[in-house]
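Colleague: Sequence and computational prediction follow.
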Amino acid sequence: MARPAKFRTDDLLDAAAKAILEHGRDASVSEVGHIAGAPTGSIYHRFSSRTELFVGLWLRSVRRFQAGFMEACRTPDARKAVLVAAGHIPRFCRDHPLDALGMTLFRQTALLPVAPESYREEVATLNDEINAVRSDLVRRRYGQVDERRTALLVTATHMCPYGLVRPYVLWVGTREPRKNLPTLLAAYEQMRGTDLDLVLVGPAGWGTDPTDAPLPPERVHVLGRLDDADLACAYAGARVFTFPSIWEGFGLPVLEAMAHGTPVVTSADTCMAEITRENAGILVPATDASALAEALEAASGSEHDRLAAAGIERARDYTWEASAAAHAAVYASLAGER
């Protein structure tokens, strides 16, 4: 009788999720092994590469989400099914924060061309069953399946949990003068006819709060502070992220958005320009509302896929290991000057 495996696949995937929570998206296999109490050889015996390990985590997270979503869609009363399905997204993120985090690791369209061979077919067919279940709910709710009715259901079940009925531009931060929200609101005002909503996440700070002014409630959503799991979903779901601050110490939200594969538009001549460099974001003068409006339209349209890929690649440069090495190099150079 074969000896049972000491480390189950689910145990290793659980450890991978915890590693991402503790160390970020660039968590190493050794960090996963430390959390699991497993030697790296045991992990590589189950997964041929780090990429295969984390794609496996992503697939498991998505499958778990889909199981609950499809169960909600199969609720016998079609009207009730739409409501239950709409509530599934925030409920799942609240109850399963590690799976919610795991779901943000990849996007299917970006992953498919580079997925490990062992997972390529599963990635390609990942949404087949959920699309069929959703189409059945469209038929039960509206009497027939077509593009318009399917879009209505997607709106109800995917975008409405936060009151969003269109794809959105995301901003994250404390509402205070240096964040330059008046320019963002002016830029959004210039984007008349856009199908993008504007979502502002974060608490009120000091000074005049520009959101105290009348804003179109059906288009501008002031959500306040979100917990980590919901914030990760907000980043991952945004069409574009913008951060037009006049100045910042570092600009962490820019890096967080890039790590989630969300295109970034931010301020030129600030520290954020060091994060995005020239190709991983669109840089505009901080107080130029017209330039910001044009950049948001480009980032959400023709430049979207390029910026998403470049942002993910650039975010990989920001690890604790890289930071430690850079600090060590500075200390070494200073010591050498004495």
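Modeller: Sure thing, it's come through. Numbering: from 1, shown residues only.
Colleague: can you give me the strands for this structure?
Modeller: Secondary structure of the chain (DSSP state E): strands at 168-172, 197-201, 220-224, 240-243, 264-267, 282-284.
Colleague: rank the ones you listed by pLDDT, which is bottom?
Modeller: Within those, confidence is poorest for strand 220-224, with a mean of 85 (mean pLDDT).
Colleague: Please spell out which residues along that one are buried.
Modeller: Within strand 220-224, the residues that qualify as buried are 220-223, counting by 16 or more other C-beta atoms under 10 Å. All C-beta atoms are positioned from the backbone trio N, CA, C, and that covers glycine.
Colleague: closest to residue 27 among those?
Modeller: Comparing those against residue 27 with C-beta to C-beta places residue 223 closest, at 28.1 Å.
Colleague: My read is that that closest one contacts residue 197, right?
Modeller: No - between residue 223 and residue 197 there is no contact under C-beta atoms under 8 Å: 11.3 Å.
Colleague: Take the strands of the chain and write them to CSV, including distance to residue 99.
Modeller: Formatted as CSV, the strands of the chain follow (distance: least, C-beta to C-beta, whole Å):
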stretch, distance to residue 99
strand 168-172, 22
strand 197-201, 21
strand 220-224, 22
strand 240-243, 23
strand 264-267, 26
strand 282-284, 32
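Colleague: for the ones you listed, which one sits closest to residue 95?
Modeller: strand 220-224 (19.7 Å).
Colleague: So in that sheet, which strands flank the closest one, and in what orientation?
Modeller: strand 197-201 (parallel) (DSSP bridges).
Colleague: any idea of the angle the partner strand forms with strand 168-172?
Modeller: On the basis of axes from the mean of the first three to the mean of the last three C-alpha atoms, to 10 degrees, strand 197-201 is oriented at 20 degrees to strand 168-172.
Colleague: from the chain's centre, how far out does strand 197-201 sit?
Modeller: Offset of strand 197-201 from its chain centre (C-alpha atoms, centre = their mean, to the nearest Å): 14 Å.
Colleague: Show me what counts as buried in it.
Modeller: The neighbour-count check on strand 197-201 (16+ other C-beta under 10 Å) flags 197-201 as buried.
Colleague: ditto for stretch 110-118
Modeller: 111, 115-116.
Colleague: Using a markdown table, lay out the residues you listed together with pLDDT and distance to residue 138.
Modeller: Compiled in a markdown table, the buried residues of stretch 110-118 are given as follows (pLDDT from 0 to 100; distance: C-beta to C-beta, whole Å):
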| residue | pLDDT | distance to residue 138 |
| --- | --- | --- |
| 111 | 87 | 27 |
| 115 | 91 | 29 |
| 116 | 92 | 34 |
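Colleague: Just the ones of these in helices?
Modeller: residue 111 (DSSP state H).
Colleague: Closest one of the buried residues of stretch 110-118 to residue 53?
Modeller: residue 116 (9.6 Å).
Colleague: follow-up on the earlier one: identify whichever of the strands of the chain lies nearest to residue 257.
Modeller: So among these, strand 240-243 is nearest, using C-beta to C-beta, at 3.6 Å.
Colleague: quick one: strands adjacent to the closest one?
Modeller: Here, using DSSP bridges, strand 240-243 pairs with strand 168-172 (parallel), strand 264-267 (parallel).
Colleague: ok, and which of the ones you listed has the densest surroundings?
Modeller: A comparison of the strands paired with strand 240-243 by mean neighbour count, using mean count of other C-beta atoms under 10 Å, puts strand 264-267 on top with a mean of 28.
Colleague: what does that strand contact?
Modeller: Defining contact as C-beta atoms under 8 Å, 6 or more residues apart in numbering, one finds that strand 264-267 is touched by 180, 240-246, 251, 254, 257-258, 272-273, 275-276, 280-286, 292, 295-296, 299, 307, 311.
Colleague: can you pull the contacts of residue 257?
Modeller: Residue 257 sits next to 170, 172, 235, 238, 241, 243, 264, 311 when contact means C-beta under 8 Å, 6+ apart.
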